[in-house]
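**Student:** I'll drop the sequence and a predicted model, then ask my questions.
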Amino acid sequence: MDTTHCHYHGNQQALWQCVTCQRAFGGCCIPLNADDPVEYPPCPLCRGQLKLIAKAQPVEAFTENLGQCFLIGLQRGPLTMMGMLFLGGLIFSYSSSFIVGLVILALMLRYLQSVLQATSQGLHKAPAFRQGMADGGFGIFFRFVMLSIPVIFILVVSSIKPDTPALREVLMWLLTLLMPALIIRIALVEDYQASISVAGVLEVMRGLGWRYLVLCLLVYALWLNYQLVANFIDLPMKQLVPALLVVLGYYCVVIFALLGFAVFQIESSGEAGSAALVDSFAYPQAEWLTKRALADSEVRLKEGQGPSAIEILTLALENNPDDLRLNERFHHLLFALKMQDRCVRHLSHYLPLAAQHNPQLAANALLNVWKIQAEYLPDDPTVCERAAQVLLTRHKAREALLLLNRFPQRFPDYPFLARACLMAARSYAEALGQTKPARELLNYLRGRQPNPALVAEIASMEQVLDRIEQLKPS
Ligand SMILES: [Zn+2]
Ligand SMILES: [Zn+2]
């Protein structure tokens, strides 16, 4: 099945199409407001109505997951569970205690439920045994016991009348057909009555359609397979109970994982799937405003409508002047569209913001602006120091020293003046091999009655300078 892609992002699936201008958009371009959902968001280009064209991915074949399920059964969590079953089986075979049997069953069901929950979210990894025990209670055990009462009842009734094997056969087939849906409901729905409600069970079957029959057959086949292995481990021998339990545990993990994957397929396909797909692009109001401005301006830019893109961001920044992403995009747009005056003016707001939250961005912006105005210098010492630090890590010592140039004269009251001067001295000496300006800076620091810690740093820096000068050819 081929999918339409976003007109602006070729790797994104299209979720919307404009009724008027026919453009297809992905969720990337149409962020939604989670606090005020609308059924039909407007087209970012012509404000026409968008219609939902999202189609969830087709359901994978079960056979594709079957191999995975066998592997999941061999992961650490399931193996730990089997170890627990083995120990429990040992205790059980010596004590024959009914309570021990119930505890083993409860622990196993609790863990199996966590396997089903994990795979129902599409995970290919079973939870660790301890984690499986930790989240949630033992409700599944009681739901299972309650479910088994009518099942046992049916089996007993059918065995009372041994002359009607047909009835027994029909009941067994009915159980085989109901079991997968019942297990899914019992594992995922906390409330017992709701979990075995006819509507709920039918919903599972409807969600999978004809694939539900395949699922039943697979589960049935796995169960037969288990019984074959179990028959091999001669049942009457009490000593073999632990081994039998280990095999049972393994097959149960495989079956529960398979059922979990079936749930995942129901939820990621059909109508529910496309709703979930669209919902994954919904954001709280404040976040949405930013996302929408970014997406709309990107669409405009890609349509060659630079001024509209700028206008969208200008408006968004009026409402949210300190949003780093909006400012970053605004800077890039102004620079790319060669709106040089505005670009330089915007820096007085953008640079302090970037220096505070992400100095890498401040350094990038400075490298840009120097292409417009080679002598540009920020008038904020924090910006200069942080951007210089980033530039030094990128081996751009000359650019860093531009920012640190005449630091004492420019910012005599900066509380971290000494730190900035030491950084400048080090980069003069180590990156450029210029010891003279480095010594000047150190002498300046010595003249300011430095504290003992700083004196020690200056001294060690001076030793470095001595060594550099000794190495230099005279
Ligand atoms: Zn349109
Ligand atoms: Zn897009």
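**Tutor:** Sure thing, it's come through. Ligands and ions are numbered 1, 2, ... in the order given.
**Student:** tell me the phi and psi of N451?
**Tutor:** N451 adopts backbone torsions of phi -70, psi 160, taken as degrees, to the nearest 10.
**Student:** and it, how many residues sit next to it?
**Tutor:** For N451, the count of nearby residues is 9 (other CB atoms under 10 Å). Using the backbone N, CA and C atoms, a C-beta is placed for each residue, glycine as well.
**Student:** separation between it and A118?
**Tutor:** N451 sits at a distance of 57 Å from A118 (criterion: CB to CB, to the nearest Å).
**Student:** just N231 next, same as before
**Tutor:** In terms of CB to CB, N231 sits 31 Å off from A118.
**Student:** What of V145?
**Tutor:** V145 sits 23 Å away from A118, going by CB to CB.
**Student:** So between the two, which is more surrounded?
**Tutor:** Neighbours were counted for V145 and for A118 using other CB under 10 Å; A118 has more, 22 against 13.
**Student:** which stretch of helix or strand covers that one?
**Tutor:** Element membership of A118, judged by DSSP states H and E, is helix 98-120.
**Student:** which other helices and strands contact that helix?
**Tutor:** With contacts defined as 3 or more CB pairs under 8 Å, 6 or more residues apart in numbering; DSSP states H and E, the packing partners of helix 98-120 are helix 62-72, helix 76-95, helix 129-134, helix 139-160, helix 165-188, helix 241-267.
**Student:** hmm, try it at 6 Å
**Tutor:** Judged by 3 or more CB pairs under 6 Å, 6 or more residues apart in numbering; DSSP states H and E, the packing partners of helix 98-120 are helix 76-95, helix 139-160, helix 241-267.
**Student:** Looking at these, which is nearest to ligand 2?
**Tutor:** Closest of the helices and strands packed on helix 98-120 to ligand 2 is helix 241-267, at 24.3 Å (criterion: CB to the ion).
**Student:** what angle do the closest one and helix 76-95 make?
**Tutor:** With axes from the mean of the first three to the mean of the last three CA atoms, to 10 degrees defining the directions, helix 241-267 sits at 140 degrees from helix 76-95.
**Student:** how much distance is there from helix 241-267 to the middle of the chain?
**Tutor:** 26 Å (CA atoms, centre = their mean, to the nearest Å).
**Student:** what do you get for stretch 326-336?
**Tutor:** 28 Å.
**Student:** buried sites along that stretch?
**Tutor:** Residues of stretch 326-336 classed as buried: 326-335 (neighbour count, 16 or more other CB atoms under 10 Å).
**Student:** For the longest strand seen in the chain, name the packing helices and strands.
**Tutor:** Once the chain is assigned using DSSP state E, the strand that runs over the most residues is strand 14-18. Packing contacts for strand 14-18, counted by 3+ CB pairs under 6 Å, 6+ apart, involve strand 24-26, strand 50-52.
**Student:** Contacts for it next, please.
**Tutor:** The contact list for strand 14-18 (CB atoms under 6 Å, 6 or more residues apart in numbering) reads 4-6, 24-27, 30, 43, 48, 50-51, 53-54, 278.
**Student:** And for stretch 104-111?
**Tutor:** 81, 88, 132, 138, 140-141, 144.
**Student:** Closest one of the residues you listed to A354?
**Tutor:** G132 (44.9 Å; CB to CB).
**Student:** Could you count how many residues lie near the closest residue to the closest one other than its chain neighbours?
**Tutor:** Sequence neighbours aside, S114 is the residue nearest to G132 in space, at 3.5 Å (criterion: CB to CB, 6 or more residues apart in numbering). The tally of other residues near S114 (other CB under 10 Å) stands at 25.
**Student:** ok, now how distant is S114 from A354?
**Tutor:** 44 Å.
**Student:** can you pull up the bridge partners for the closest residue to ligand 1 within the stretch 51-200 of the chain?
**Tutor:** Residue of the stretch 51-200 of the chain nearest ligand 1, by CB to the ion: K51 (10.8 Å). On the basis of DSSP bridges, K51 is bridged to Q17.
**Student:** Let the chain start at 20 from now.
**Tutor:** With the count now opening at 20, the last piece we talked about shows up as K70.
**Student:** Show me which helix or strand of the chain is least confident by mean pLDDT.
**Tutor:** Least confident helix or strand of the chain, by mean pLDDT, DSSP states H and E, is helix 289-298 with a mean of 68.
**Student:** Apart from its neighbours in sequence, what residue is nearest the residue nearest the centre of the chain?
**Tutor:** Closest residue to the average C-alpha location of the chain: S299 at 11.6 Å, with CA atoms, centre = their mean. Distances taken as CB to CB, 6+ apart place G46 nearest to S299, at 6.7 Å, with adjacent residues excluded.
**Student:** Enumerate the residues of this structure near ligand 2.
**Tutor:** Residues of the chain lying close to ligand 2 by CB under 5 Å from the ion are 25, 27-28, 45, 47-48.
**Student:** Thank you, goodbye.
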